[in-house]
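Novice: sequence first, then the predicted structure:
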Amino acid sequence: MLEIERLQFLDLYSFELRLDYFEKILEYTSSSYSFYWLEAILNVMIYKDTIEFDEILDEMISLAYEDVVEKGYHLGPLIHQKRTNALENAILSIQKYLPENCSKQEIIICVKQHDEDLKEYKKLLIMQTPYRLLSSFLVDVGGNDPIWNRPKDIIETIKDYNEKYRLPYIIENDRGLKRRVIVQPEWRDFLMTNYRVIMEWVHDEKIKYLEKRKIEESAS
């Protein structure tokens, strides 16, 4: 649970941010993608507020690499004896090119060198994750609403909601991996001010999810 009492509010507008929606952002996630997507945005937004999907995905792969290769976590279920998680499969596809105990920078370089091989995994990763992460803010859009499968429509819906109250980010439409996340300035200031607390929360929620997956897999 996000410990609201540990957060700092340095500006008046921070009090107007919908933290009640933000603290639920990871509550109903059905896959590991959301944790790594949010973590990647938090890391990259330190340097810029407009971030291409492709750059977020590179950061996601570098963040998840240790969890998969070193810690042995499975990021998704085994179906018909096959791993179906696109992020995990992307990592396994480049593992052979990297030394043991490789650095994050080595992983990023490897990802860029083998970008063509990773494109199919990346396309799967952006089908819903960038939009679904904001679902707690989109209060009138149900989980089974077909709009989630229509990127252009959900992007416009996100912008409409952003006019009512600020969302952490909106999405600038383009083609596929060239789409861009635009972190809203009020949220960027707030997230950077509370970076350590929020990253601890994301990490704790992610580990709880991965440990639960491990237990479920052991029992099956």
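Specialist: Happy to help now that I have it. No experiment lies behind these values; they were computed from the predicted model shown.
Novice: pull out the buried positions in stretch 126-135.
Specialist: Buried residues in stretch 126-135, defined by neighbour count with 16 or more other CB atoms under 10 Å: I126, Q128, T129, P130, Y131, R132, L133, L134, S135. C-beta coordinates here come from the backbone N, C-alpha and C atoms, glycine included.
Novice: er, stretch 54-69 actually
Specialist: Neighbour counts over stretch 54-69 (16+ other CB under 10 Å) mark 54-65, 67-69 as buried.
Novice: from those, pick the one nearest L92.
Specialist: Of all the buried residues of stretch 54-69, L92 sits closest to V68, with 7.1 Å by CB to CB.
Novice: and the pLDDT at that closest one?
Specialist: With respect to pLDDT, V68 scores 95.
Novice: and which of the buried residues of stretch 54-69 is nearest to Q184?
Specialist: Nearest to Q184 among the buried residues of stretch 54-69, counting by CB to CB, is I56 at 15.9 Å.
Novice: now do the same for the closest residue to the closest one other than its chain neighbours: its pLDDT.
Specialist: Take I56 and drop its neighbours on the chain: the residue closest to it by CB to CB, 6 or more residues apart in numbering is A40, 4.8 Å away. At A40, the model reports a pLDDT of 98.
Novice: let me know the secondary structure of A40.
Specialist: Assigned with DSSP: H, G, I helix; E, B strand; the rest coil, A40 falls in the helix class.
Novice: now for the biggest helix by length in the chain, which elements pack on it?
Specialist: What stands out as the longest helix in the chain, according to DSSP state H, is helix 195-219. Where contact means 3 or more CB pairs under 8 Å, 6 or more residues apart in numbering; DSSP states H and E, helix 195-219 is packed against helix 33-44.
Novice: quick one: contacts of the helix it packs on?
Specialist: The contact list for helix 33-44, computed with CB atoms under 8 Å, 6 or more residues apart in numbering, reads 25-26, 29, 51, 55-57, 59-60, 63-64, 86-87, 125, 129-130, 132-133, 169, 181, 183, 191, 195, 198-199, 202-203, 205-206, 209.
Novice: which of these fall within helices?
Specialist: Those of those mapping onto helices are 55-57, 59-60, 63-64, 86-87, 125, 129-130, 132, 191, 195, 198-199, 202-203, 205-206, 209, per DSSP H.
Novice: where does the chain dip in pLDDT?
Specialist: For the chain, the stretches with pLDDT under 70 are 4-5, 9-15, 79-81, 220.
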